[in-house]
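Q: Here you go, sequence then predicted model.
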Amino acid sequence: MSSRPELKLAWCSHKAAKYAVEHWHYSKSLPVGKVVRVGAWEAGRFIGCVLFSHGANRNLLSPYGLKQTDGCELTRVALAPHKSQTSRIVTIAVKMLSQQSIRLIVSYADMEQGHYGTIYQAMGWVYVGAITQNSKAFYRGRIAHKRTFDCAGIKGYQMIETREKHKYLMPLDNDMRKQIEPLRKPYPKRVTSDTSDTPSIHEGKGGAAPTVAL
């Protein structure tokens, strides 16, 4: 008999996504703008969500000759302690999204959080290098992209320097795959300490701790 827990993914409500992000993601906030929300349940228990959006960068897809509607950013993986492999959860969510005429997904592993993109490496995403993003802002103990504060009408935030992020791409059709594959670079070295990245991100660890970042 298989020991794999019963896993279900389905579109979820704004309320469910908000709860998951506030409890199980380091950002404690939902992405700005339109968000596609995929919820995850394990043995009937809600364990969190995978969120896709257009991201904070309006030119996210232009380097690949795509319009903003041709793709998206994987912006949150917010999961409670769980038994299913995180890569399996995200893979199912991506398959659900691929039915929406999306050609490319972009995501980042935040070095500031000590992450290297282990989950994306396990799924075979294309690593295209590290980028520097200096648009983070600080306001009353909270760090977020400046666009998050701007959209909320918040003034008086302070811009801060941020570390590099590792950038990964997931092409969803053959033509896009052929275009993206030549950009592939060797994966950054995985962390070797079990305490220096989130256990639920690591393949085979079963989610012993909440997913704090992508």
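A: Perfect, thanks for sending it.

Q: Now do the lengthiest helix in the chain: which elements does it pack against?
A: With secondary structure taken from DSSP state H, the chain has its longest helix at helix 86-98. When contacts are defined as 3 or more Cβ pairs under 8 Å, 6 or more residues apart in numbering; DSSP states H and E, helix 86-98 sits against strand 7-11, strand 35-42, strand 45-53, strand 71-79, helix 118-123. C-beta coordinates here come from the backbone N, C-alpha and C atoms, glycine included.

Q: That one to strand 35-42, inter-axis angle?
A: Angle between the axes of helix 86-98 and strand 35-42 is 140 degrees (criterion: axes from the mean of the first three to the mean of the last three Cα atoms, to 10 degrees).

Q: and helix 86-98, which residues are buried?
A: Residues of helix 86-98 classed as buried: 86, 87, 88, 89, 90, 91, 92, 93, 94, 96, 97 (neighbour count, 16 or more other Cβ atoms under 10 Å).

Q: re the thing from before, want to throw the helices and strands packed on helix 86-98 into TSV with mean neighbour count, distance to residue 152 and mean pLDDT?
A: Converted to TSV, those look like this (neighbours: other Cβ atoms under 10 Å; distance: least, Cβ to Cβ, whole Å; pLDDT from 0 to 100):
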stretch	mean neighbour count	distance to residue 152	mean pLDDT
strand 7-11	14	25	97
strand 35-42	21	15	97
strand 45-53	24	16	97
strand 71-79	26	16	95
helix 118-123	22	29	92
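
Q: With respect to residue 129, which of the ones you listed lies nearest?
A: Closest to residue 129 of these is helix 118-123 (Cβ to Cβ; 13.1 Å).

Q: just to revisit the earlier point, need the buried residues of helix 86-98 in a markdown table with distance to residue 49 and pLDDT, can you?
A: A markdown table is the format used below for the buried residues of helix 86-98 (distance: Cβ to Cβ, whole Å; pLDDT from 0 to 100):
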| residue | distance to residue 49 | pLDDT |
| --- | --- | --- |
| 86 | 12 | 94 |
| 87 | 16 | 94 |
| 88 | 15 | 95 |
| 89 | 9 | 97 |
| 90 | 11 | 97 |
| 91 | 15 | 96 |
| 92 | 12 | 97 |
| 93 | 9 | 97 |
| 94 | 14 | 96 |
| 96 | 12 | 95 |
| 97 | 13 | 91 |
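
Q: and which of those residues is nearest residue 72?
A: Using Cβ to Cβ, the buried residues of helix 86-98 come closest to residue 72 at residue 97, 7.4 Å.

Q: which is the next helix or strand following the least confident helix or strand in the chain by mean pLDDT?
A: Every helix and strand of the chain was ranked by mean pLDDT, DSSP states H and E. The lowest is strand 142-145, at a mean of 69. Toward the C-terminal end, the helix or strand that comes next after strand 142-145 (DSSP states H and E) is helix 146-151.

Q: If you count contacts, what does that next one end up packed against?
A: strand 136-139.

Q: Mind listing what's buried along the strand it packs on?
A: Residues 136, 137, 139 are the ones in strand 136-139 that count as buried (16+ other Cβ under 10 Å).

Q: does residue 5 count as helix, strand or coil?
A: Secondary structure state of residue 5, per DSSP: H, G, I helix; E, B strand; the rest coil, is coil.

Q: next one: phi and psi at the residue lying closest to it once chain neighbours are set aside?
A: Spatially, and ignoring its direct neighbours in sequence, residue 5 is nearest to residue 83 (4.6 Å; Cβ to Cβ, 6 or more residues apart in numbering). For residue 83, the backbone dihedrals (degrees, to the nearest 10) come out as phi -100, psi -30.

Q: Before I go, just wanted to say thanks for your time.
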